[in-house]
Structure formats: structure tokens, C-alpha cells
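Asker: Sequence first, predicted model second:
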Amino acid sequence: MMKPGTLILHVAARFLVPLQLVFSVFLLLRGHNEPGGGFIAGLVASGAFALYLFTFGAAVTRDLMRVDPRNFIGVGLLIAMLSAFPAWFHGQAFLTAQWWPILLPGGTEIKLSTPLFFDIGVYLTVLGSVMTMLVALTETEER
């Protein structure tokens, strides 16, 4: 059900949300080598869902997210915490970066790393925290 006078916002939200989410993944993936990373990427993703939330409401946004935002906080903290342990298994200091080269079909090599896993954990924690607050505030307002 569309509110009168908000056609531009509805169209813009449907166009901008996917772009913002793709941009947040870009920031996440380049963040451990250059400026960016899990925190700012999580904020950009939260901004995308916030735009959708303010346009279509809390119930529709919860359906879009498919996962309770509080679950993102727990999973994010777990992933960030687990990124510290590979260094211990190699007898190195806490949170020392570890890199694992992976050969893809076609001969391309990518390197997975503990900083990337830490950034993914931060990303999910920030996304979950911001969205938990925003959804709670808008659900209270809708009642």
C-alpha cells in the first residue's frame, strides 16, 4: 500500500537499495588493504535498509532482511572473535594476520585472510546493531 505523494521515494528506494548493498560489499572487500572495511561497509548497508524501512515500513523491511537483525549481532561477534584464533594455532601473537591462498578454476589465485573475516564480523555486528535500533524505533512508532 503506497502512501500518497511518495511515488518518487518508492521508486528511488527500489533502485538505490541494491546499489547501496553492492557498494557496501565493495567497501567490505577492499577495506583490509585500503580505506574502508567492516565498519563503514556495515553503515552503508544499514543506510540501504534504513531507506527501505522509512519508505515501506518495519514489517516489509523485516521480510526483506529475512533474518532478525539481532542475529546479525551474535553471528558477527562470533566471526570476529574466531578470526583471532588461527594465529594462536601457529604460535603467533593474538590477532596476527593469517593468509590462505586459494586457487580458483582458470588459474586465478585469491587470498583469504583473518583481517577479512574480522571485517565481515564487524560488518554484520554494525548492520545488526543499527537495524535493531531502527526497527525497534519504527515498530514502536507504528503501534
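Answerer: Received, thanks.
Asker: what about Ile73, neighbour count?
Answerer: Per other C-beta atoms under 10 Å, the neighbour tally for Ile73 reads 18. Every residue, glycine included, has its C-beta placed from N, CA and C.
Asker: from now on call the first residue 803
Answerer: Will do, 803 is the new start, and the previous item becomes Ile875.
Asker: Quick one: residues contacting it.
Answerer: 926-927, 930-931, 934 (C-beta atoms under 8 Å, 6 or more residues apart in numbering).
Asker: Columns neighbour count on top of those, output as CSV?
Answerer: Converted to CSV, the contacts of Ile875 look like this (neighbours: other C-beta atoms under 10 Å):
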residue, neighbour count
Leu926, 25
Thr927, 22
Gly930, 24
Ser931, 17
Thr934, 16
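Asker: Just the ones of these in helices?
Answerer: Those of the contacts of Ile875 mapping onto helices are 926-927, 930-931, 934, per DSSP state H.
Asker: from the residues you listed, which two are the most distant?
Answerer: Spatial extent of the ones in helices among the contacts of Ile875 (C-beta to C-beta) is set by the pair Leu926 and Thr934 at 11.9 Å.
Asker: on that earlier part again, which among the contacts of Ile875 gets closest to Gly849?
Answerer: Nearest member of these to Gly849, counting by C-beta to C-beta, is Ser931, at 13.4 Å.
Asker: could you check the distance from that closest one over to Gly876?
Answerer: Distance, Ser931 to Gly876, by C-beta to C-beta, to the nearest Å: 11 Å.
Asker: pLDDT-wise, which helix or strand of this protein ranks last?
Answerer: Every helix and strand of the chain was ranked by mean pLDDT, DSSP states H and E. The lowest is strand 911-915, at a mean of 86.
Asker: So for Gly807, what pLDDT did the model give?
Answerer: If you check Gly807, the pLDDT there is 47.
Asker: picking that back up, tell me which strands and helices the least confident helix or strand of the chain is in contact with?
Answerer: If contacts are counted by 3 or more C-beta pairs under 8 Å, 6 or more residues apart in numbering; DSSP states H and E, strand 911-915 sits against strand 901-905.
Asker: can I get the CA coordinates of the strand it packs on in CSV?
Answerer: C-alpha atoms of strand 901-905 as CSV (Å, rounded to 0.1, in the frame of the first residue of the first chain):
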residue,chain,number,x,y,z
TRP,A,901,46.6,-15.5,4.8
TRP,A,902,45.5,-18.6,2.9
PRO,A,903,46.0,-18.6,-0.9
ILE,A,904,43.2,-20.4,-2.8
LEU,A,905,43.5,-21.3,-6.5
